[in-house]
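>>> Test case, fold it:
(4 chains)
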Number of protein chains: 2
Amino acid sequence: MAKKNAPTIKDVARAAGVSVGTVSKVINGIAVRKESQRKVQEAIEALHYEVNTYARGLKISKSGLVALIVPNTMNPFYATFADHIEAALYEHSLKLILCCSDEIPEKELEYLNSAKQNKVDGIIALTYSDIGSHITDGTPIVVFDRFFENRSIPRVGSDNFTGACMAVEKLLELGCRHPVYIRFHSKFPGEADKRRDGYLYACQRHNLEPDYLDMVDDGTWREALGEFLERHKRPDGSLTFDGVFAHTDFHGYHFMKMLTENGYRVPEDVQLIGFDGIERFGTPGDYVISTMCQPVRQLAQKCVEIILLEDRSTVPSLTLLPVTYCYGGTTREPGR
Amino acid sequence: MAKKNAPTIKDVARAAGVSVGTVSKVINGIAVRKESQRKVQEAIEALHYEVNTYARGLKISKSGLVALIVPNTMNPFYATFADHIEAALYEHSLKLILCCSDEIPEKELEYLNSAKQNKVDGIIALTYSDIGSHITDGTPIVVFDRFFENRSIPRVGSDNFTGACMAVEKLLELGCRHPVYIRFHSKFPGEADKRRDGYLYACQRHNLEPDYLDMVDDGTWREALGEFLERHKRPDGSLTFDGVFAHTDFHGYHFMKMLTENGYRVPEDVQLIGFDGIERFGTPGDYVISTMCQPVRQLAQKCVEIILLEDRSTVPSLTLLPVTYCYGGTTREPGR
DNA sequence: CTGTTAGCGCTTTCAC
DNA sequence: GTGAAAGCGCTAACAG
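Okay, here's the model as predicted:
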């Protein structure tokens, strides 16, 4: 905002009959004489004075800005995360610079550099490239949900491994005998890979033969799901599995649709649990499918908390928060 | 980012053996001797120099920041809008400050003031309070989707009136004889009110008896919809309406669910068209219900375009973009 | 073309 | 407690 003739601290000082130093003290809540305090306050009101953040930033090199790098805000998971980050930042009088990378590594890097240039007080990143290796200066940074080799950067995420185990065990508890796992993942390795490990571990622990679809998401997931379904049909048309743990709610939802369209009843014939905790229209509690819900709000708060930590030597290098099972209509629930 | 010893323009000048003025010129793309150009560039590389945005901002009072005030980003409509705004800003090398107001007037105002204080180059606002009356200085601002009394502020939105007419006519075209309208609105007046006007106009034009539910959204919409449904059941169980124009996809979706749960088939018994163009998981083209789709992307671009307009006297005070009908499974479509 | 220089508005010593 | 003054890093005007 290029307000041409905005009043400066000088104008206030003149109007209040004190020096700029005194005005500065009042602004920053440093003790001054009651009398001066009052006069300055009055002058500020009268002139509609507002501190110039550039000048202040130039002096104290703090902007009150935090950059959030996410792929986009179309995806409800990212959108929700962004919303909670914004809220958490607001609590600390910080502003959010939203950076959508579209999952393009170059754009992620570009935003990262721009963030540094804009002198943000911190960076929260959910990226696909290993941005950690590009951090050179002392800007506080935390990566969310995507962990890379560079272990020197604090990481925050959900306990994917345990969550996956819980999903399988929930399916078993609800009567499933043959839970399968479907997954489409980005070509970059990430923390979410642990969901597969969790599935495998749970299978082993419960003496189940693992049966899963695990492929890179190249846009052909619909065909792949169809094929997977065909492959699991018995001659009589019934399915060889009775439970599905989906890597994400997105694919879980679409697989449910496919099952329904093929005449299978969900949850009567097949029960299905996804991962993420996506809610319809963002309405709290209205899960699109039964799911292992990520504590997005707490995760966001944790990220902000870590960014704000004064003593960088005390920041935990890894923070994993637990996920919880949430009913969303695709599992058999007693009494529903 | 409080990088303590970041190299300054002075350091670059010294390293390159030129003056700060020359360095400044290089940075800002002003012609200098080839030789100097090269030396400065090298020095910048070597020192990893980055311009200090505070100092620059202090000087030229431009931040490259634009504030977007929306209620939240949980709601897919807002989330999508925010995403497109971000993209449009990116095209102009501008950064987005995301402000979620939670629909709280005080918060909207607070963010507005904070935006001014942060010297943003523009403000895009989707608010419930008449923020227009609080704008005092020359910050470019545009309000989206919510129009108030203050007509001096440029407004951008969808052509709700025409869109509503189109919805009704589409229903008629698809064989409906008795389209009803359901609506839950905020207690603040807004541009979306025109959707009701459009419905009424279309009814009048086609000699239909208007029949609609129009109430303030006080959280009891589910009950109200149930009541509305009961009221329209004939003794034989059939419904007195065969088409629904829903004020938003949200309520349209939930009414559809309710109809289905009550044994009515959609779209066989009742066809339904919503408004907004919400897509499942943000997937392009995967509309949750048939809908009058707002051109969110174009709307966002228009907002940014208006913010950027140099000559403020040429900004259109009102920009209405057309909505388009999109099939989402709740209407009878030949060949689907 | 290039170097010098005067601030932009603010915080922060440092005397008083 | 308070005022004076020195910059923070940069741009732009001006003189060379």
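>>> for the longest helix anywhere in chain A, packing partners?
Scanning chain A for the longest helix, with DSSP state H as the assignment, gives helix A:76-91. Packing contacts for helix A:76-91, counted by 3 or more C-beta pairs under 8 Å, 6 or more residues apart in numbering or on different chains; DSSP states H and E, involve strand A:65-70, strand A:95-100, helix A:296-308, helix B:76-91, strand B:95-100. No exception for glycine: its C-beta is placed from N, CA and C like everyone else's.
>>> quick one: the longest one to strand A:95-100, angle?
Using axes from the mean of the first three to the mean of the last three C-alpha atoms, to 10 degrees, the direction of helix B:76-91 lies 80 degrees away from that of strand A:95-100.
>>> which residues sit against helix B:76-91?
With C-beta atoms under 8 Å, 6 or more residues apart in numbering or on different chains as the test, helix B:76-91 has contacts from A:72-74, A:76, A:79, A:82, A:98-100, A:281-282, B:66, B:68, B:70-73, B:95-96, B:98, B:124, B:126, B:144, B:276, B:278-279, B:282, B:294, B:296-297, B:299-301, B:303-305.
>>> So which bits of chain A are right by DNA strand D?
Counting by C-beta under 7 Å from any atom of the strand, the positions of chain A adjacent to DNA strand D are A:17-22, A:25, A:31-33, A:35-36, A:55, A:58-59.
>>> Which stretches in chain A count as strands?
All strands of chain A, identified by DSSP state E, fall at A:65-70, A:95-100, A:122-125, A:141-144, A:155-158, A:179-185, A:212-216, A:243-246, A:271-276, A:291-293, A:318-321, A:324-326.
>>> Just name the most buried of the helices and strands packed on helix A:76-91.
strand A:65-70 (a mean of 26; mean count of other C-beta atoms under 10 Å in any protein chain shown).
>>> who does it pair up with?
Applying DSSP bridges to the sheet, strand A:65-70 is found paired with strand A:95-100 (parallel), strand A:122-125 (parallel).
>>> Serialize those to TSV and add fields for mean pLDDT and distance to DNA strand C.
Formatted as TSV, these follow (pLDDT from 0 to 100; distance: least, C-beta to the nearest atom of the strand, whole Å):
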stretch	mean pLDDT	distance to DNA strand C
strand A:95-100	97	17
strand A:122-125	94	19
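>>> I'd like those as CSV, with distance to residue B:152 appended.
CSV is the format used below for the strands paired with strand A:65-70 (distance: least, C-beta to C-beta, whole Å):
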stretch, distance to residue B:152
strand A:95-100, 27
strand A:122-125, 38
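>>> Quick one: closest of the ones you listed to residue A:253.
Nearest to residue A:253 among the strands paired with strand A:65-70 is strand A:95-100; the distance by C-beta to C-beta comes to 23.1 Å.
>>> per the record, what domains does chain A have?
For chain A, automatic domain parsing gives the domain ranges A:9-51, A:65-153, A:160-295.
>>> Tell me which of these lies nearest to residue B:130.
domain A:9-51 (19.3 Å).
>>> Just the endpoints, please. Distance across that closest one?
End-to-end distance for domain A:9-51, by C-alpha to C-alpha, to the nearest Å: 7 Å.
>>> quick one: that domain near DNA strand C?
Yes - Domain A:9-51 reaches DNA strand C (C-beta under 7 Å from any atom of the strand) through A:9-10, A:20-21, A:23-25, A:27-28, A:49-51.
>>> Quick check: of those residues, which has the highest neighbour count?
residue A:23 (28 neighbours; other C-beta atoms under 10 Å in any protein chain shown).
>>> Pretty sure that one sits against residue A:13.
Yes - counting by C-beta atoms under 8 Å, residue A:13 is a contact partner of residue A:23 at 4.9 Å.
>>> And the helices in the stretch 1-150 of chain A?
A:9-16, A:20-27, A:34-47, A:53-60, A:76-91, A:105-117 (DSSP state H, counting those that start in this stretch).
>>> Tabulate those (TSV), appending mean pLDDT.
Supplementary listing: the helices of the stretch 1-150 of chain A in TSV, determined by pLDDT from 0 to 100:
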stretch	mean pLDDT
helix A:9-16	92
helix A:20-27	93
helix A:34-47	91
helix A:53-60	89
helix A:76-91	97
helix A:105-117	87
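>>> what about those helices, which gets the closest to residue B:160?
helix A:76-91 (24.1 Å).
>>> Restricting to C-alpha, output that closest one in CSV.
The C-alpha trace of helix A:76-91 is given here as CSV (Å, rounded to 0.1, in the frame of the first residue of the first chain):
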residue,chain,number,x,y,z
PRO,A,76,-9.1,-30.7,1.1
PHE,A,77,-6.2,-32.1,3.1
TYR,A,78,-3.9,-29.2,2.2
ALA,A,79,-6.7,-26.7,2.5
THR,A,80,-7.5,-27.8,6.0
PHE,A,81,-3.9,-27.8,7.0
ALA,A,82,-3.5,-24.3,5.6
ASP,A,83,-6.6,-23.2,7.5
HIS,A,84,-5.2,-24.5,10.8
ILE,A,85,-1.8,-23.1,10.2
GLU,A,86,-3.4,-19.7,9.6
ALA,A,87,-5.3,-20.0,12.8
ALA,A,88,-2.3,-21.0,14.8
LEU,A,89,-0.3,-18.2,13.4
TYR,A,90,-3.1,-15.7,14.1
GLU,A,91,-2.8,-16.7,17.8
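>>> That helix relative to helix B:105-117, how many degrees between them?
Going by the same axes, to 10 degrees, helix A:76-91 makes 80 degrees with helix B:105-117.
>>> quick one: helix A:76-91 to chain centroid distance?
How far helix A:76-91 lies from its chain's middle: 8 Å, per C-alpha atoms, centre = their mean, to the nearest Å.
>>> Stretch A:39-47 too?
On the basis of C-alpha atoms, centre = their mean, stretch A:39-47 sits 42 Å off its chain's mean C-alpha point.
>>> Run the contact check for that stretch versus chain B.
No - figure legend: stretch A:39-47 not in contact with chain B (C-beta under 8 Å from any C-beta of the partner chain); closest approach 12.0 Å.
>>> ok, and what's touching that stretch?
Identification of contacts with stretch A:39-47 by C-beta under 8 Å, 6+ apart yields A:7, A:11-13, A:15-18, A:22-23, A:26, A:32, A:49.
>>> With distance to chain B as added columns, please give those residues in a markdown table.
Shown next, in a markdown table, are the contacts of stretch A:39-47 (distance: C-beta to the nearest C-beta, whole Å):
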| residue | distance to chain B |
| --- | --- |
| A:7 | 11 |
| A:11 | 15 |
| A:12 | 15 |
| A:13 | 19 |
| A:15 | 18 |
| A:16 | 20 |
| A:17 | 25 |
| A:18 | 22 |
| A:22 | 21 |
| A:23 | 16 |
| A:26 | 16 |
| A:32 | 22 |
| A:49 | 10 |
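>>> Farthest pair within these?
The span of the contacts of stretch A:39-47, defined through C-beta to C-beta, is set by A:7 and A:32 at 19.4 Å.
>>> number of nearby residues for residue A:30?
10.
>>> can you check residue A:188 too?
15.
>>> Also the one 4 residues further on?
When neighbours are counted by other C-beta under 10 Å, residue A:192 registers 22.
>>> again with the one 3 residues further on
When neighbours are defined as other C-beta under 10 Å, residue A:195 has 28 of them.
>>> same question, residue A:184
By other C-beta under 10 Å, 20 other residues sit near residue A:184.
>>> Spatially nearest residue to it (excluding sequence neighbours)?
Among residues not flanking residue A:184 along the chain, residue A:217 sits closest, at 3.8 Å (C-beta to C-beta, 6 or more residues apart in numbering or on different chains).
>>> try residue A:146
Leaving out its chain neighbours, the residue that sits closest to residue A:146 by C-beta to C-beta, 6+ apart is residue A:190, at 4.8 Å.
>>> if I pick the residue of the stretch 51-200 of chain A found nearest chain B, what's in contact with it?
Residue of the stretch 51-200 of chain A nearest chain B, by C-beta to the nearest C-beta: residue A:74 (3.2 Å). Shown in contact with residue A:74 (C-beta under 8 Å, 6+ apart): B:76, B:79-80, B:83, B:279, B:282.
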